[in-house]
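Engineer: got a sequence here, can you build the structure:
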Amino acid sequence: MKHTLSVLVEDEAGVLTRIAGLFARRGFNIESLAVGPAEQIGISRITMVVPGDDAVIEQLTKQLYKLINVLKVQDITTIPCVERELMLLKVNATASTRSEILELVQIFRAKVVDVSDDSLIIEVSGDPGKMVALVQMLNKFGIREIARTGKIALVRESGVNTEYLKSLEARV
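Structural biologist: Coordinates of the predicted model:
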């Protein structure tokens, strides 16, 4: 199972290297990684997606807390969160396929950020599932390049689980 960890660290040189080294020494892969300033000056938030069962994640959490500069580690996998990613796609776009691609761009609430005679660059942000769905729809046109950020996430203070609400709507 994939787990999403939110880690608050002191914003100092070498923190990310120490965290990556911890994972490398233990043979674990980081599937997604996003780092940026947090709400307080001098603090950064690292959001990472890591494969492993609950026992592995618990062990990694304990190891992270042993690192200097690590302030808080939270497994937010099962906590209601707002999750987002950003993706840029360069896709083949001939005169005959351009209108169909533009329709998909509108459906996914994405936007075209560059146009050439034979390609488009599309920017899309949203939950990770949206990224996968758009890639699947655009594959038939030929994707030339993809650049994708790691997942970022914040816990919902309301505690409302929108995934659960979506499943209820689907039944109605």
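Engineer: tell me what the helix or strand harbouring residue 154 is packed against?
Structural biologist: Here residue 154 sits within strand 152-155, counting by DSSP states H and E. Under the contact criterion of 3 or more CB pairs under 8 Å, 6 or more residues apart in numbering; DSSP states H and E, strand 152-155 touches strand 2-10, strand 81-92. To be clear about C-beta, it is placed using only N, CA and C from the backbone, and glycine gets the same treatment.
Engineer: buried stuff in the longest helix seen in the chain?
Structural biologist: Secondary structure of the chain per DSSP state H: the longest helix is helix 54-66. Buried residues in helix 54-66, counting neighbours by 16 or more other CB atoms under 10 Å, are found at 57, 60-61, 63-64.
Engineer: could you do stretch 137-157 as well?
Structural biologist: 138, 141, 143, 149-153.
Engineer: which two in those residues are spaced the farthest apart?
Structural biologist: 141 and 153 (30.4 Å; CB to CB).
Engineer: got the phi/psi numbers for residue 21?
Structural biologist: phi -60, psi -40 (degrees, to the nearest 10).
Engineer: what's the burial count for it?
Structural biologist: Using other CB atoms under 10 Å, residue 21 has 12 neighbouring residues.
Engineer: against residue 8, how distant is it?
Structural biologist: Distance of residue 21 to residue 8, computed by CB to CB, to the nearest Å: 19 Å.
Engineer: swap in residue 86?
Structural biologist: For residue 86 relative to residue 8 (CB to CB), the value is 22 Å.
Engineer: what do you get for residue 65?
Structural biologist: On the measure of CB to CB, residue 65 and residue 8 end up 11 Å apart.
Engineer: which one is the residue nearest the centre of the chain nearest to, not counting chain neighbours?
Structural biologist: In the chain, the residue lying closest to the centroid (CA atoms, centre = their mean) is residue 151, at 1.6 Å. Take residue 151 and drop its neighbours on the chain: the residue closest to it by CB to CB, 6 or more residues apart in numbering is residue 32, 4.9 Å away.
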